[in-house]
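Q: using only what follows, build the 3D model:
(2 chains)
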Amino acid sequence: MTVLIVDDHPSFRASARALLEAEGFEVVGAAADGESAVELALVLRPELVLLDVMLPDMSGFEVAERLAGAAASRIILVSSREQGDYGQRVRRSGALGFVAKDRLSGAALRELMGAAA
Amino acid sequence: MRRLVALLIAVGAVPLAIVAYRIQIDQLGSSSARSLAIVAAGLSFLLAGLIAWLRRPENRLGPLLAAAGLLLLLRQLRYSDDPLLFTVFFALGELGYALVAHAVLAYPAGRVTDRAERVLMKVGYATLIVLPVATLLFHDGSRRLLGFDEAARESLLLLVGNGEVADALQKALRVSFYGVLSALFIAAIVRRFVGASPRTRRIFAPLLLAAVAIALRAIFQSVSTFFDPPFSDEYLFWWQIGAFIALPVALVAGLVRARMARAAVGDLVLELQRTPPEGLRDALARALDDPTLELAFWLPERGGFVDPAGQPIELPPASESRAVTELEHEGRPVAALVHDPSLLEEPRLVRSAGAAARMAIENARLQAELRAQLDEVRASRKRIVAAGDAERRRLERNLHDGAQQQLVAVALKLRAAQGKLGDPAVDRLLSEAVNELQGAVDELRELARGVHPAILTEEGLGAALESLASRSAFPVRLVEAPEERFPADVEGTAYFLACEALANVVKHAQASRATIDARRMDGVLVVEVEDDGVGGARPAAGSGLRGLADRVEALGGHLRIESPAGGGTRIVGEIPCGS
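A: Numbering: from 1, shown residues only, chains lettered A, B, ... in the order given. From the prediction side, this is the model:
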């Protein structure tokens, strides 16, 4: 499964790439801000966008809204906060689901993708 | 000295009045009542002028009125059959009317400041000099002069005898001065009255009414030169006399009024002894007869003025509607009175009132200063709360971006390493390490949330309270929560109020359940947390509730705690949140 990682923290991008590749995902790209994320998603057309909620130029929710009508990729939001910290915004964003960063794993992503399938 | 001069003029006017009276009776055959009334009109102007001069010697109004009175008396000498008296006072006698108009337009300052009024006045003087003198150049006694008896008068200025021209010139005078200029005079007065402040209108009304009555009478006289008047001559005569006497009386009444106002300042001292500082403005407004009066106090530390509530204000620039008198004590500004500009004509009255109220003004000034300082303290408390909230947000963000991210990265790398080494013992150790790291991240997350919950910033109070209730260790029901957003300090205070209240429930209340209710009511955000625990909470005993109360009060609200022993606890915070 092809994945685009979007996060402004290099350490997370690196460790998430290492983890997901170790668990059989193909990481096709990484972006550090919302604008780049939208551009790369439209070019690379990944099956999954792993999208951080807090980006420097716009929120992950806005990126999700922009991608919702433009790309076929499915989106899973990530954050070091919990989903409850964002109230209903995760549900309203159109994203497939939410994973706390410290609980990120291939299994967790597959579970969300499977649940949505 | 002035009194002596005034007395001499008054005494000197007596023989003049007698002469004028006799001329009316002997030359024109007037009744004694009419003759007496004419003399009384002249004398009333003279006496009013002398009184005004004695009261306000710097004001030219007194001399103007006195001169008008003298000329009104001297005007009667034009009816003399003596050629010299006739010629001189036929030429100059009408100037008395111009002086009357001049005095009205110059009231109360003693000078005519309006450009149009000055032009009107000059044209009036010129008309009343030029036309009578021109009439004398042609008057040869062949035709009866307007307003005169049948007896012939000899003009010493006769140049070309032509009765028709002389008659036309007299009619021209009636039309121009009595008609056109009198109408313009009324227009000027009405314009001034309409543009005047309420206090000025009250003061000027009697005087201006009398002046309008005189001018209307002149217009009727102008018209009656050509047409038969609808009123009898007798009626018009007494109208004229009434208005002529009323005018100086109104002026003297104005002067007496100012004198009475100064007497009221004396009462002000007594009144202020039993008036609280907040009643000072009203007391001064009554003493100065200016309901629009405003008080401003000088605060040296600020270098500016504040109103009685301590709010900074700018003094208005001088205009037709407002004027400012600054009050000083020992060379230092103390206060300012913003008042009706008509009070500028009575500077002694304003200064007297200011001096009489000096102690009260100083007290009120100190009170205003105290209020201003209290406002500053309130603003400062609010800023401290806002700064505290900003610092909490910054700290939460730092935790999120710093330690949390690093721990997350380590956890993910360890998880990536799992299974790659092929050693079950190492895998188990890595798994334990990952679990411990997740525990640390959870604790850090909880700490960050306690510092400042992201959901409060992101989603507002309603969502934050919902999250708070759902994460509670015991049943908490959210009865109502506003969906709208409030200022950050209001949301922060309401949220932490609920947090602290729930924390107290956990620590002290032994409750089985609690409710949170937050709603906007009339510009106030009311947050209520209630439990069914043991009650008996004492706000003074712990710093938590006291700190909450401080925080709520810093925003201008207040905290109420009802906690009867055995009856549960109800904490209600009321936080102003604007309309």
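Q: buried stuff in stretch B:45-65?
A: B:45-53, B:56, B:59-65 (16 or more other C-beta atoms under 10 Å in any protein chain shown). Just so you know, the C-beta spots here come from the backbone N, C-alpha and C atoms, and that holds for glycine as well.
Q: kindly state the domain boundaries assigned to chain B.
A: B:2-259, B:260-373, B:459-579 (automatic domain parsing).
Q: can you flag the weakest of those domains by average pLDDT?
A: Out of those, domain B:260-373 stands lowest, with a mean of 82 (criterion: mean pLDDT).
Q: contact partners for B:Leu315?
A: By C-beta atoms under 8 Å, 6 or more residues apart in numbering or on different chains, the contact list for B:Leu315 reads B:296, B:305, B:324, B:336, B:338.
Q: relative to chain A, how far out is it?
A: 50 Å (C-beta to the nearest C-beta, to the nearest Å).
Q: picking up where we left off before, which of the domains of chain B sits closest to A:Met54?
A: Across the domains of chain B, A:Met54 has its closest neighbour in domain B:459-579 (13.9 Å, C-beta to C-beta).
Q: tell me which other helices or strands whatever helix or strand B:Arg281 lives in touches.
A: Applying DSSP states H and E as the criterion places B:Arg281 in helix B:280-287. Contact here means 3 or more C-beta pairs under 8 Å, 6 or more residues apart in numbering or on different chains; DSSP states H and E; on that basis helix B:280-287 packs against helix B:233-273, strand B:294-299, helix B:347-356, helix B:358-401.
Q: how about whichever helix or strand comes after the longest one and chain A, touching?
A: Put plainly, it is helix B:358-401. Next along the chain after helix B:358-401, taking DSSP H and E as the criterion, comes helix B:403-417. Yes - for helix B:403-417, a contact with chain A is found by C-beta under 8 Å from any C-beta of the partner chain, at B:404-413, B:415-416.
Q: same check, this time on stretch B:514-530
A: No - judged by C-beta under 8 Å from any C-beta, stretch B:514-530 makes no contact with chain A; its nearest approach is 15.0 Å.
Q: show me which residues of that stretch are buried.
A: Counting neighbours by 16+ other C-beta under 10 Å, the buried set in stretch B:514-530 is B:514-518, B:525-530.
Q: just stretch B:466-478 next, same as before
A: Here stretch B:466-478 shows B:466-469, B:472, B:476, B:478 as buried, counting by 16+ other C-beta under 10 Å.
Q: same check on stretch B:404-419?
A: B:404-405, B:407-418.
Q: how about CSV for the residues you listed, with pLDDT and distance to B:Ala37 added?
A: Formatted as CSV, the buried residues of stretch B:404-419 follow (pLDDT from 0 to 100; distance: C-beta to C-beta, whole Å):
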residue, pLDDT, distance to B:Ala37
B:Gln404, 86, 105
B:Gln405, 86, 106
B:Leu407, 90, 110
B:Val408, 89, 109
B:Ala409, 89, 112
B:Val410, 90, 115
B:Ala411, 89, 115
B:Leu412, 88, 115
B:Lys413, 87, 118
B:Leu414, 88, 120
B:Arg415, 85, 119
B:Ala416, 84, 121
B:Ala417, 85, 124
B:Gln418, 80, 125
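Q: I'd like the next helix or strand past the host helix or strand of B:Glu500.
A: Using DSSP H and E, the element containing B:Glu500 is helix B:488-504. Next helix or strand after helix B:488-504 toward the C-terminus (DSSP H and E): strand B:514-521.
Q: dihedrals phi and psi, B:Ala336?
A: phi -140, psi 140 (degrees, to the nearest 10).
Q: on that earlier part again, which one of the buried residues of stretch B:514-530 sits closest to B:Ala166?
A: B:Leu525 (90.7 Å).
Q: which strand residues bridge the closest one?
A: Beta-bridge pairing for B:Leu525 (DSSP bridges): B:Arg520, B:Ile575.
Q: residues touching it, list them.
A: B:461, B:482, B:486, B:490, B:494, B:518-519, B:574-577.
Q: what subset of the residues you listed is buried?
A: For the contacts of B:Leu525, buried by 16+ other C-beta under 10 Å: B:461, B:482, B:486, B:490, B:494, B:518, B:574-575, B:577.
Q: hmm, back to that, now render the buried residues of stretch B:404-419 as a markdown table, adding distance to B:Ser142.
A: Converted to a markdown table, those look like this (distance: C-beta to C-beta, whole Å):
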| residue | distance to B:Ser142 |
| --- | --- |
| B:Gln404 | 121 |
| B:Gln405 | 121 |
| B:Leu407 | 127 |
| B:Val408 | 125 |
| B:Ala409 | 127 |
| B:Val410 | 131 |
| B:Ala411 | 131 |
| B:Leu412 | 130 |
| B:Lys413 | 133 |
| B:Leu414 | 136 |
| B:Arg415 | 135 |
| B:Ala416 | 135 |
| B:Ala417 | 139 |
| B:Gln418 | 140 |
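Q: one step back: put the alpha carbons of the helix holding B:Arg281 into CSV.
A: The C-alpha coordinates for helix B:280-287 follow below in CSV (Å, rounded to 0.1, in the frame of the first residue of the first chain):
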residue,chain,number,x,y,z
LEU,B,280,-21.1,67.5,43.2
ARG,B,281,-21.8,67.8,39.5
ASP,B,282,-25.6,68.3,40.1
ALA,B,283,-24.9,70.9,42.9
LEU,B,284,-22.6,72.8,40.6
ALA,B,285,-25.1,72.5,37.7
ARG,B,286,-27.8,74.0,39.9
ALA,B,287,-25.6,76.8,41.2
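Q: run the angle between it and strand B:294-299 for me.
A: Inter-element angle recorded for helix B:280-287 and strand B:294-299: 130 degrees (by axes from the mean of the first three to the mean of the last three C-alpha atoms, to 10 degrees).
Q: contacting residues around helix B:280-287?
A: So helix B:280-287 is contacted by B:261, B:264-265, B:267-268, B:271-272, B:275, B:291-295, B:308, B:337, B:353, B:356-357, B:360-361, B:364 (C-beta under 8 Å, 6+ apart).
Q: list buried residues within the residues you listed.
A: B:261, B:264-265, B:268, B:271-272, B:275, B:293-295, B:308, B:337, B:353, B:356-357, B:360-361, B:364.
Q: ends of stretch B:412-432, how far apart?
A: 13 Å (C-alpha to C-alpha, to the nearest Å).
Q: contact partners of that stretch?
A: Against stretch B:412-432 from outside (C-beta under 8 Å, 6+ apart): A:12, A:15-16, A:18-19, A:22, A:101-102, A:104-105, B:433-434, B:437.
Q: can you tell me the closest non-neighbouring residue to the residue of chain A found nearest chain B?
A: Here the residue of chain A nearest chain B is A:Gly87; by C-beta to the nearest C-beta that distance is 3.4 Å. In space, and not counting its chain neighbours, A:Gly87 is closest to B:Ala463: 3.4 Å by C-beta to C-beta, 6 or more residues apart in numbering or on different chains.
Q: OK, contacts around the one you found?
A: Applying C-beta under 8 Å, 6+ apart, the residues near B:Ala463 are A:87-88, B:455-456.
Q: repeat the analysis, applying 7 Å as the threshold.
A: Residues in contact with B:Ala463 (C-beta atoms under 7 Å, 6 or more residues apart in numbering or on different chains) are A:87-88, B:455.
Q: gap between it and B:Leu136?
A: 100 Å (C-beta to C-beta, to the nearest Å).
Q: same question for B:Glu278.
A: From B:Glu278 across to B:Leu136, the span is 69 Å (C-beta to C-beta).
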